[in-house]
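In: sequence plus predicted model, see below.
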Amino acid sequence: SVKLEHGAHRLGKRTDKPMQAWRNYGLGQFIHWGVYAIPGGHWEGQYYPGAAEWIRSWKGMPKDAYDNLYKQFNPKKFNAKAWAKQAGDMGAKYVIITTKHHDGFCLWPSKYTDYTVANSPYKKDIIGQLVEAYDAEGIDVYLYFSIIDWNHPGYRSTLKSEQDRKEYEEFKKFTRNQLVELLTLYPSTKGLWFDGSWDKAWTEQAEFADALGKELREMIPGLIIGSRFRPDDNGNRHFDTNGDLIGDYEQGWERKMPNTIEDTNGNDWDCVMTVPENQWGYHSDWKGHVKTTNELIEMLVKAASLDGNFVLNFGPDGQGNIRSEETRLAAEIGEWMKENNEAVYGCGYLDWEKQDWGYYTVNRETGKKYMTVFNIPVSGALRVKVPGKTKLNKAYLLNDPGASLELEEIHRNEYFIHYKPASATDRPFVIGVETTDAKIEDGHYQKAKT
Ligand SMILES: COc1ccc([C@@H]2N[C@@H](C)[C@@H](O)[C@H]2O)cc1
């Protein structure tokens, strides 16, 4: 490996308490909110086909029209406590809130720019209200921060001239000041979720970003920062020149998921997911496939089965309402989590061979193992293959632990759990399994010589 001044500052998974708590969250909520929620994906009767929070970049949106929207920002329906309660009822253990998206509008009263909620008709500190409400709900707060800031005069995507470099120095100071300001104002913040860090101008700032990361981590012990934040000496984000993860977990899974544990490179990771194909901010007219409750529960369990967290996005509208589709999803996911969260919270990857019926998870503390079934086999026989010395002793429905399910040993280290729900079920269900590591008497199963 090559010597790096600003490569990965640590190898392997963090084992401290804050990171263990992060690893055990299972489910998170993303909140994308800002002035882009006012147009909601339309302008002067035109439909914007892109992601609603990017509408400023659309040729159909005059830049000054967008940049004056904040003068209308007055979300009378905004109720931080209601949002936090809804997230708690859904079963979210953490929330990632946009403090400032690429447009540069600040949802907190930053003293480093006038482009903030303090200068909108709404006036009040939105981030402060949300931090307080989610903390009170017992949901850990993480702050999303976009390095890209289309509003700041010193922002550049690339540095082409000495003038660019001079202006960018101001932008770097501004960026640092805002981040220090956020952690000073909201010290209960558990981590920062960076975005908009792919610009070449930023990926040339290895030394500055490394120092900034160190400064932020010193402000809040245990602060968690993912792999999207900073570049290494050679401009690599996520993984440095030696292939080592830069940051505390991998932030590469946006609107997509790993399929195998190998895909995760053995790192902690989160998957951030939109309800429609690609809308983070509020778009009043969702087109294309809108994910169902079952699809989202499957993504959640799949993430846990591969040692990751699943973060579901909500895009409140310009008045501060959570839209009806998201309210319904939150309620239905919450209903399922109330019954089955034991298979998610504190659970991770179990190295048993994946089967078609669904996903295994194992609780990191107790070692308890779970099967979450999404695909009921027509045979009613759920195949379970266990490693060498493991013996499957009992299987039971999570919500009926007293009744053992019929177990059949069909081969060495292979069983059928014979179970078909009596009535048609429209939700996945969880089976708990109990095992012992017994010695296997030989002779019972013979390997065929081929
Ligand atoms: C150029 O591709 C993208 C895609 C998504 C993003 C932002 N990341 C998500 C978490 C949202 O904030 C989206 O606007 C930025 C650039």
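Out: All right, it came through fine. Numbering: from 1, shown residues only.
In: which bits of the stretch 51-200 of the chain sit near the ligand?
Out: Taking CB under 6 Å from any ligand atom as the test, the list of the stretch 51-200 of the chain residues beside the ligand reads 51, 53, 54, 195. (C-beta placed from N, C-alpha, C; glycine too.)
In: by neighbour count, which of those residues wins?
Out: residue 53 (25 neighbours; other CB atoms under 10 Å).
In: element containing the closest residue to that one other than its chain neighbours, please.
Out: Spatial nearest neighbour of residue 53, excluding adjacent residues (CB to CB, 6 or more residues apart in numbering): residue 281 at 3.2 Å. Using DSSP states H and E, residue 281 falls within no helix or strand.
In: who's in contact with residue 281?
Out: 32, 33, 34, 36, 37, 51, 52, 53, 54, 55, 101, 315 (CB atoms under 8 Å, 6 or more residues apart in numbering).
In: tell me the confidence at it?
Out: pLDDT for residue 281: 98.
In: any idea how far it is from residue 316?
Out: 9 Å (CB to CB, to the nearest Å).
In: ok, residue 58 next?
Out: Taken as CB to CB, the span from residue 58 to residue 316 is 21 Å.
In: more neighbours: the two, which one.
Out: residue 316 (21 against 16).
In: correct me, but residue 226 touches residue 252?
Out: No - assessed by CB atoms under 8 Å, residue 226 is found out of contact with residue 252, at 9.2 Å.
In: among the residues of the stretch 51-200 of the chain next to the ligand, which are in strands?
Out: Among these, the residues falling in strands (DSSP state E) are residue 195.
In: list the helices and strands the host helix or strand of residue 332 packs on?
Out: Here residue 332 sits within helix 324-340, counting by DSSP H and E. Secondary-structure packing of helix 324-340 (3 or more CB pairs under 8 Å, 6 or more residues apart in numbering; DSSP states H and E): helix 80-90, helix 293-305, strand 308-314, strand 429-437.
In: nearest to residue 16, out of those?
Out: strand 308-314 (16.8 Å; CB to CB).
In: low-confidence ranges in the stretch 201-350 of the chain?
Out: Scanning the stretch 201-350 of the chain for pLDDT under 70 picks out nothing.
In: how about the contacts made by the residue in it positioned nearest to the ligand?
Out: Nearest to the ligand, among the residues of the stretch 201-350 of the chain, is residue 280, at 4.1 Å (CB to the nearest ligand atom). Residue 280 makes contact with 30, 32, 51, 52, 53, 274, 313, 315, according to CB under 8 Å, 6+ apart.
In: distance of it relative to residue 369?
Out: 35 Å.
In: now the common contact residues for residue 281 and residue 316.
Out: With CB under 8 Å, 6+ apart as the test, residue 281 and residue 316 both reach 33, 37.
In: the strand or helix carrying residue 372 pairs with which strands?
Out: Residue 372 is part of strand 369-373 when elements are defined by DSSP H and E. Next to strand 369-373 in the sheet, as set by DSSP bridges, lie strand 358-363 (antiparallel), strand 429-437 (antiparallel).
In: now these as CSV including mean neighbour count, mean pLDDT and distance to residue 306?
Out: Shown next, in CSV, are the strands paired with strand 369-373 (neighbours: other CB atoms under 10 Å; pLDDT from 0 to 100; distance: least, CB to CB, whole Å):
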stretch, mean neighbour count, mean pLDDT, distance to residue 306
strand 358-363, 23, 98, 8
strand 429-437, 17, 96, 17
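In: SS state for residue 181?
Out: helix (DSSP: H, G, I helix; E, B strand; the rest coil).
In: that one reaches residue 109, doesn't it?
Out: No - using CB under 8 Å, residue 181 is not in contact with residue 109; the gap is 9.5 Å.
In: rewinding a little: for the residue nearest to residue 53, phi and psi?
Out: phi -80, psi 170 (degrees, to the nearest 10).
In: kindly report the same for residue 323.
Out: The phi/psi pair for residue 323 (degrees, to the nearest 10) is phi -70, psi 160.
In: so it sits against residue 317, correct?
Out: Yes - here residue 323 reaches residue 317: they are 6.1 Å apart, a contact under CB under 8 Å.
In: neighbours of residue 118, how many?
Out: So residue 118, with other CB under 10 Å, has 16 neighbours.
In: wait, what's in contact with it?
Out: Neighbours of residue 118 in contact, by CB under 8 Å, 6+ apart: 109, 125.
In: quick check: the gap between it and residue 105.
Out: With distances taken as CB to CB, residue 118 is found 11 Å from residue 105.
In: does stretch 24-31 reach the ligand?
Out: No - using CB under 6 Å from any ligand atom, stretch 24-31 stays clear of the ligand, with a minimum separation of 7.1 Å.
In: may I see the buried residues of that stretch?
Out: 24, 25, 26, 27, 28, 29, 30, 31 (16 or more other CB atoms under 10 Å).
In: narrow the residues you listed to those in strands?
Out: 27, 28, 29, 30, 31.
In: just give the nearest non-adjacent residue to the fourth one, would you?
Out: Nearest residue to residue 30, sequence neighbours excluded (CB to CB, 6+ apart): residue 313, at 4.0 Å.
In: am I right that residue 71 is in a strand?
Out: No - Residue 71: not assigned to a strand; according to three-state DSSP it is helix.
In: what's the distance between it and residue 38?
Out: As defined by CB to CB, residue 71 lies at a distance of 10 Å from residue 38.
In: export the helix holding residue 332 to PDB, keeping only CA atoms.
Out: The C-alpha trace of helix 324-340 is given here as PDB (Å, rounded to 0.1, in the frame of the first residue of the first chain):
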ATOM      1  CA  SER A 324     -50.600  10.900   2.800                       C
ATOM      2  CA  GLU A 325     -48.600   8.200   0.900                       C
ATOM      3  CA  GLU A 326     -45.700   8.600   3.400                       C
ATOM      4  CA  THR A 327     -48.100   8.700   6.400                       C
ATOM      5  CA  ARG A 328     -49.600   5.400   5.300                       C
ATOM      6  CA  LEU A 329     -46.200   3.700   4.800                       C
ATOM      7  CA  ALA A 330     -45.000   4.900   8.200                       C
ATOM      8  CA  ALA A 331     -48.100   3.500   9.900                       C
ATOM      9  CA  GLU A 332     -48.000   0.100   8.100                       C
ATOM     10  CA  ILE A 333     -44.200  -0.300   8.500                       C
ATOM     11  CA  GLY A 334     -44.700   0.700  12.200                       C
ATOM     12  CA  GLU A 335     -47.500  -1.900  12.600                       C
ATOM     13  CA  TRP A 336     -45.100  -4.600  11.200                       C
ATOM     14  CA  MET A 337     -42.200  -3.400  13.300                       C
ATOM     15  CA  LYS A 338     -44.300  -3.500  16.500                       C
ATOM     16  CA  GLU A 339     -44.700  -7.300  16.000                       C
ATOM     17  CA  ASN A 340     -41.300  -8.100  14.400                       C
END
